[in-house]
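**Student:** What would the 3D arrangement of this be:
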Amino acid sequence: MNNLRLAFVLLMCACAAPAFAAPPAVEGEPAIAAKSAPAAKVRLPANAPMVSLSPVTDNELFRVRQANRAQQKRVAIGAVRDPEIVKDLPAERLVWQSVPGGYAAHAAVRSPDASAMRLAIDLAGVREDVQMVFFGSNAPGRLEGPVRVGDIVDRTLPYWSPVTDGDTQTVEFFSPMSVEAADAPRITGVSHIFTSLASRLLKTTQDIGQSESCEVDVKCSNLFPNAPFDNLRNSIAQMIFNNNGTTFLCTGQLLNDTDPSSQLPWFFSANHCFENEHLPLASTSQMQTEANSLTTLWFFEAVTCSSPPDLTTPPFVQLTGGATYIYNNPGIDALFLRLNGRPPAGAFYAGWNSAAVTLGTPIVVVHHPNGDLKKASQGRVIANSPPQPTPLGGATTLFTEVTYSVGSTEVGSSGSGLYTFDGIGYQLRGALYGGSADCQARSASDWYSPFDQAFPSIAQYLTPAGSNVDYSDLWFNANESGWGLNIVEHASQNIFAVWFTFGSDGKPAWYVVPGGGWTSPTTFSGSLFATSGPAASSGTFNASSVNVRQVGSATLSFSDANTGTWSYTVDGVSGSKAITRQPF
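**Tutor:** Residues are numbered from 1 along each chain as shown. As a prediction, the model looks like this:
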């Protein structure tokens, strides 16, 4: 076996051809259900002390209208009230009352004619065991919470409450111990939203339309019901956040990583969702401020497929607490976050593929046009081209240009993922930037950010070093002397494998897997190649004499760190072998 080890080393030196290496890819996986949270309840009677703000000003409304004139596919749905208007909100005026188990206080804020509301709450110095419950005047029976202060990741900036319907939002605070005025929560801001959850977040003024007639509810799609498509739609969330005094909607998705031991809620969307409308570009601190205001709606989709469309408000789940900003790139319109809360049971961590998507590839997009319930569009990649309109600061690469054969996209669709199907599941390949496609321009194009260009900057999160077992080693079957595998796992977690075996004529044969993708945290697949070329004794190496032939495919399935299965197909003949690490 010593000669076999030497042969492996020599072959690796000779055959390491980076031109064959496939970029990393990973399949998705279902979210692990979080521990059941205590049911939200209010402890104080109704009629909380209320502060009523003045009506929305022309200046506040102008900001929203201007934002919706931009040629992008994010949509403005509300105004963050101007600071001078909210200066009289209750701070030290909270009245704490004794209730079973502790003390409670409540306050209500009204912004006239709002269809929905959010509050900004300063929690600096507030005890970690304080809890908050929220409800709106139009749906007082729908309680959001309880939100425990200690579970909020970033309390250096105000916490933004869940969206509740109605022009008044009430918040009740509960503490197991008495609270001094200096340590009490302080309401510091208000988002006045012109639409409501009950209206499916469709706009309700002249500036706010609804999704167009060509859009297809996910449950009316010809892809439904189907497990891969169901997984895809469960990875998509509607985003509600604040940007420079305006409340916006976009679409984003939960992404899987290669660490099988945990599920970190990575979230991918479009940079322009958080970006400034004009130069200069947003700073890192601005990005984090907007990430802190993020709330996401999950399963916000039609309850049934029907004609006319089912307008029932779905049993959605709202995840508050914001996100941690990780990475953005205006030149490729990429935004990468980590949600601060665990996604709800039933959500799905989407797979991704870091290879450039090829022309002609069929694509699927799941999105929230105009803030409406989740829709599904289908189309095809037609080009790699400069995006239209030009991103703020200019594009630094070509974007993926697509057209649609089913459905389209609209404002509110920004950030929705471009997905391709690999035979197992749907994998992310980019996020919607913008374009002129809509139901009135069915042949017009949209442009998507190229995920392959963003991946090198976020690979450390999606393929964390040391998160998986390093499978680099010599592997063999102790009962079958003479053949074996040399597996080298790169820091990117791509694998280069060399297989020394015997052909049908009994002579030695060498095959290589020069890259591939992880289809699960413990399963790696790639194409299998045979190579030939000039003899080492020929003196001068002639590269044109090298021949590379794909003979089939191979899969490594690891049971644990030291055992697995090698499955292969060579020229139509398939087989499978148990393998273990070769001891030294």
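**Student:** What residues of stretch 269-287 count as buried?
**Tutor:** By neighbour count on 16 or more other C-beta atoms under 10 Å, the buried set for stretch 269-287 is 269-276, 281-282, 286-287. Just so you know, the C-beta spots here come from the backbone N, C-alpha and C atoms, and that holds for glycine as well.
**Student:** wait, which of those residues is closest to residue 405?
**Tutor:** Nearest to residue 405 among those is residue 270, at 22.8 Å by C-beta to C-beta.
**Student:** Can you give me the end-to-end span of stretch 552-571?
**Tutor:** 6 Å (C-alpha to C-alpha, to the nearest Å).
**Student:** what's the answer for stretch 108-126, then?
**Tutor:** One end of stretch 108-126 sits 19 Å from the other (C-alpha to C-alpha).
**Student:** so where do the strands sit in the stretch 151-300 of the chain?
**Tutor:** Secondary structure of the stretch 151-300 of the chain (DSSP state E, counting those that start in this stretch): strands at 159-160, 164-165, 168-175, 186-193, 236-243, 246-255, 266-269, 295-298.
**Student:** Also the stretch 451-584 of the chain?
**Tutor:** 473-476, 484-489, 495-502, 508-513, 517-520, 523-532, 547-558, 563-570, 573-581.
**Student:** For the third one, what does the pLDDT average out to?
**Tutor:** Confidence for strand 495-502, expressed as mean pLDDT, is 93.
**Student:** Over to the longest one?
**Tutor:** Taken as a whole, strand 547-558 has a mean pLDDT of 91.
**Student:** Mind listing residues that contact that strand?
**Tutor:** With contacts defined as C-beta atoms under 8 Å, 6 or more residues apart in numbering, strand 547-558 is touched by 17, 20, 469, 471, 487, 495, 497, 499, 511, 513, 519, 522-533, 564-572.
**Student:** quick check, distance from it to the centre of its chain.
**Tutor:** Its chain's C-alpha centre and that of strand 547-558 lie 31 Å apart, by C-alpha atoms, centre = their mean, to the nearest Å.
**Student:** Could you do the first one as well?
**Tutor:** Averaging C-alpha positions (C-alpha atoms, centre = their mean) puts strand 473-476 36 Å from its chain's average.
**Student:** same deal with the third one?
**Tutor:** Centre-to-centre, strand 495-502 and its host chain are 36 Å apart (C-alpha atoms, centre = their mean).
**Student:** quick check: angle from that strand to strand 484-489?
**Tutor:** Angle between the axes of strand 495-502 and strand 484-489 is 170 degrees (criterion: axes from the mean of the first three to the mean of the last three C-alpha atoms, to 10 degrees).
**Student:** Strand 495-502 to strand 523-532, inter-axis angle?
**Tutor:** Here the directions of strand 495-502 and strand 523-532 differ by 60 degrees (the same axes, to 10 degrees).
**Student:** How about strand 495-502, which residues are buried there?
**Tutor:** In strand 495-502, counting by 16+ other C-beta under 10 Å, buried: 495-501.
**Student:** got those as TSV, with distance to residue 349 columns?
**Tutor:** Listed next are the buried residues of strand 495-502 as TSV, based on distance: C-beta to C-beta, whole Å:
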residue	distance to residue 349
495	22
496	27
497	26
498	32
499	32
500	37
501	36
